[in-house]
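S.K.: I'll drop the sequence and a predicted model, then ask my questions.
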Amino acid sequence: MVTPAADPLDRPIEPIATTPEARAAFLADVEAELPGVRLLTDESDRESYRTDETAYLRGELPLAVALPESTAEVSGLVRAAARHRIPIVPRGAGTGLSGGAAGIEGGLTIAFTRMARVLEIDKANLVVVTQPGIINAELKKIVAAEGLFYAPDPASYEICSIGGNLGTNAGGLCCVKYGQTRDSVLGLEVVLADGSVIRTGGRNIKDVAGYALSHLFVGSQGTLGLITEATLRLRPTPPSRATLLAFFATLDAAGEAVAAMMTAGLNLVTLELMDQATIIAVDDWHGLGLDREAAAMLMVESDLPGSAAAEELDQAEAACRDAGATSSVRAADAQEADWLRQARRLALRALERQGTVRMEDVGVPRARVPQLLNAIDRICAKHGVRVATFGHAGDGNLHPNFIFDRDDPRAEAMTETVRDEIFHAALELGGTVTAEHGIGTSRRAFLEMQRGQGAVRVMRAIKAALDPLGILNPGKVV
Ligand SMILES: Cc1cc2nc3c(=O)[nH]c(=O)nc-3n(C[C@H](O)[C@H](O)[C@H](O)COP(=O)(O)OP(=O)(O)OC[C@H]3O[C@@H](n4cnc5c(N)ncnc54)[C@H](O)[C@@H]3O)c2cc1C
């Protein structure tokens, strides 16, 4: 008779070190074994690693923050942490919106700020090899100097790191054409939970040898391994973009225009939406002369070569008109297009001028964007919560932002209720509770509801296999 294999999920995970003695022994080991690693232990230094940008999460104070400069140092830190059962939080630039990089009481935060070098640009193979701490915009600038383009483009690209983008599988403003971060990843170097180092993938465009491990680590929010190097896909620099803004009297009309542009097969690089509250906040800040009466605005961009871009925008404009656009305007030149795009990128900051903002990240199949927009408005109106919604409509990904007074505890609790109802509405539409920001700590309660028990069990089995002691970012994702 065959004995069934032990279920990895039934295996007890060793307790995390909680005693002051264990923590002191860990710090003493790190100082003795890795004297070159900068280690922050002062409370004032550690305080700034308590949270990420998730305004409503309090986070916990890490025991220490390490700033390694090499893979060998990361590996040494992980080995010491495993020996003493110290939880580890990998951290990029801390701009995440799910609590993924938030500190853990008694844990070691490993911040990749000092591992921020581009190691190689392989022009012949359109590949860049980089350390994870580099800021996305910096990487874009370095490859642009070689006539190359790194596509992934989160709105936070000037402040977030490639490691964080890999950790969250970040999206952004050009996914509709170029995909999410994962679509630009060819290979990784990863430090596993026992300190060993593996390489996944490589420079091959086609490669099906074994399981797709790179894809597994991307988006795992530091719960399966620490990414210390990435081999990323580049493209030749596309032509500068042609930009169209279209205004609509109803959210439904804007949603219909999105669906029409997608089904027409347009190869747009940007298809972003702002609702009226966002239009007004952005216009108040930047004085762009946007139509403040409009219920919604679409920003549509093409990066096709030569006259093809203008022709593609002609088709987009016709689709908007047919859907009932009240007006449309094109950027006069590349500089004006940059201003408009920058204003869209800073939409969250514009809203933050009005109060504390809780940003959510729901997604639905693209054709259901109008239903999701209506559900968001209906739910927020029912509970009297102020909301401003913008997002990547071409990907079916919307960010409802709840604006409230931080000192009003009732308001903050109410945003929780509203958020939960919006999550249910998104799931009923066949959508997701997070399209690009990640489950982190803030959306854990909804993972099983969305994915189902069986799928989450598989995730936990993978986690248990790769991190049997449960020291990698515990309490996040699964
Ligand atoms: C104004 C604003 C706009 C934003 N716009 C977008 C947007 O358009 N699209 C989008 O997707 N996000 C957006 N974000 C969210 C955020 O910028 C992204 O999630 C980004 O990818 C986080 O990068 P980071 O370097 O700040 O990572 P962090 O917040 O430090 O970490 C994010 C996650 O990755 C893990 N991690 C970090 N480094 C590593 C590593 N080396 N190995 C393994 N795991 C690691 C962390 O543990 C954590 O779970 C926005 C945020 C702000 C504040």
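M.R.: Here it is on my side, so go on.

S.K.: residues contacting the residue of the stretch 301-450 of the chain found nearest the ligand?
M.R.: At 3.5 Å from the ligand, residue 436 is the closest residue in the stretch 301-450 of the chain, using Cβ to the nearest ligand atom. For the C-beta atoms, the positions are set from N, CA and C on the backbone; glycine is no exception. By Cβ atoms under 8 Å, 6 or more residues apart in numbering, residue 436 lies in contact with 154, 168, 169, 170, 171, 172, 175, 180, 361, 392, 397.

S.K.: in helices only, show me those residues.
M.R.: Judged by DSSP state H, the contacts of residue 436 include 168, 175 as members of helices.

S.K.: and the ligand, which of the contacts of residue 436 contact it?
M.R.: The subset of the contacts of residue 436 within reach of the ligand, counting by Cβ under 6 Å from any ligand atom, consists of 154, 168, 170, 171, 172.

S.K.: surely the residue of the stretch 301-450 of the chain closest to the ligand is within a helix?
M.R.: No: judged by DSSP: H, G, I helix; E, B strand; the rest coil, residue 436 forms no part of a helix; its state is coil.

S.K.: ok, stretch 400-408 near the ligand or not?
M.R.: No: Stretch 400-408 does not reach the ligand (Cβ under 6 Å from any ligand atom); its nearest approach is 10.7 Å.

S.K.: what's residue 280 sitting at in phi/psi?
M.R.: The phi and psi values for residue 280, taken as degrees, to the nearest 10, are phi -70, psi -40.

S.K.: what sits against it?
M.R.: residue 292.

S.K.: cool, the one 5 residues further on as well?
M.R.: Each residue near residue 285 by Cβ under 8 Å, 6+ apart is listed here: 343, 346, 349, 350, 353.

S.K.: among the ones next to the ligand among the contacts of residue 436, which pair sits farthest apart?
M.R.: 168 and 172 (10.9 Å; Cβ to Cβ).

S.K.: looking at the two, which is more packed in?
M.R.: Using other Cβ atoms under 10 Å as the criterion, residue 168 and residue 172 rank with residue 168 on top: 30 against 24.

S.K.: ok, back up a step: reformat the contacts of residue 436 as TSV; add pLDDT.
M.R.: Output for these, formatted as TSV (pLDDT from 0 to 100):
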residue	pLDDT
154	96
168	98
169	98
170	98
171	96
172	93
175	96
180	98
361	97
392	95
397	97
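
S.K.: filter the contacts of residue 436 down to just the ones in strands.
M.R.: In this view, the contacts of residue 436 that belong to strands under DSSP state E are 392, 397.

S.K.: I'd like to know which of the contacts of residue 436 is nearest to residue 338.
M.R.: Distance to residue 338 across the contacts of residue 436 (Cβ to Cβ) is lowest for residue 172, with 15.6 Å.

S.K.: quick check: the closest one vs residue 394, distance?
M.R.: Residue 172 sits 11 Å away from residue 394, taking Cβ to Cβ, to the nearest Å as the criterion.

S.K.: for residue 89, same thing?
M.R.: For residue 89, the distance to residue 394 - Cβ to Cβ - is 33 Å.

S.K.: how about the residues of this protein by the ligand?
M.R.: Within the chain, the residues that sit near the ligand (Cβ under 6 Å from any ligand atom) are 52-53, 89-97, 100-101, 112, 132, 154-156, 160-161, 163-165, 167-168, 170-172, 221-222, 226-227, 348, 436-437, 473.

S.K.: which element, helix or strand, includes residue 39?
M.R.: Here residue 39 sits within strand 38-40, counting by DSSP states H and E.

S.K.: show me what counts as buried in the helix or strand following that strand.
M.R.: Next helix or strand after strand 38-40 toward the C-terminus (DSSP H and E): helix 43-47. Within helix 43-47, the residues scored as buried using 16 or more other Cβ atoms under 10 Å are residue 46.

S.K.: stretch 327-342 too?
M.R.: For stretch 327-342, by 16+ other Cβ under 10 Å, it's 328, 329, 330, 331, 337, 340, 341.

S.K.: could you export that stretch as CSV, CA atoms only?
M.R.: Included here for stretch 327-342 are C-alpha records, laid out as CSV according to Å, rounded to 0.1, in the frame of the first residue of the first chain:
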residue,chain,number,x,y,z
SER,A,327,-15.2,67.3,-26.2
SER,A,328,-11.7,66.2,-27.0
VAL,A,329,-8.3,67.9,-27.3
ARG,A,330,-4.8,66.7,-28.4
ALA,A,331,-1.5,67.7,-26.9
ALA,A,332,0.2,70.2,-29.1
ASP,A,333,3.6,68.6,-28.8
ALA,A,334,5.7,66.1,-26.8
GLN,A,335,6.3,68.6,-24.0
GLU,A,336,2.6,69.2,-23.5
ALA,A,337,2.0,65.4,-23.6
ASP,A,338,4.6,65.0,-20.9
TRP,A,339,2.9,67.6,-18.7
LEU,A,340,-0.5,65.9,-19.1
ARG,A,341,1.0,62.5,-18.3
GLN,A,342,2.8,63.9,-15.3
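
S.K.: begin at 189 from now on, thanks
M.R.: Renumbered: residue one is now 189, and that last one reads stretch 515-530.

S.K.: what are the contacting residues of the strand holding residue 227?
M.R.: 215, 218, 219, 234, 237, 252, 253, 254, 255, 302.

S.K.: would you format the residues you listed as TSV with distance to residue 456 and secondary structure included?
M.R.: Below are the contacts of strand 226-228 laid out as TSV (distance: Cβ to Cβ, whole Å; DSSP: H, G, I helix; E, B strand; the rest coil):
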residue	distance to residue 456	secondary structure
215	52	helix
218	50	helix
219	54	helix
234	44	helix
237	39	coil
252	47	strand
253	42	strand
254	43	strand
255	41	strand
302	38	coil
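
S.K.: nearest to the ligand, of the residues you listed?
M.R.: residue 237 (9.5 Å).

S.K.: that closest one against residue 299, yeah?
M.R.: Yes: Residue 237 lies in contact with residue 299 (Cβ atoms under 8 Å); the separation is 6.9 Å.

S.K.: any common contacting residues for those two?
M.R.: Common neighbours of residue 237 and residue 299 (Cβ under 8 Å, 6+ apart) are 253, 279.

S.K.: quick one: the strands in the stretch 189-338 of the chain?
M.R.: 226-228, 252-255, 276-279, 296-299, 306-310, 315-318, 336-337 (DSSP state E, counting those that start in this stretch).

S.K.: okay, those, which one's buried deepest?
M.R.: strand 276-279 (a mean of 27; mean count of other Cβ atoms under 10 Å).

S.K.: can I get that strand as CSV, trimmed to CA atoms?
M.R.: Below are the C-alpha coordinates for strand 276-279, written out as CSV (Å, rounded to 0.1, in the frame of the first residue of the first chain):
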residue,chain,number,x,y,z
ILE,A,276,12.9,39.1,7.3
VAL,A,277,11.1,42.0,5.4
PRO,A,278,12.7,42.7,2.0
ARG,A,279,12.3,46.4,1.1
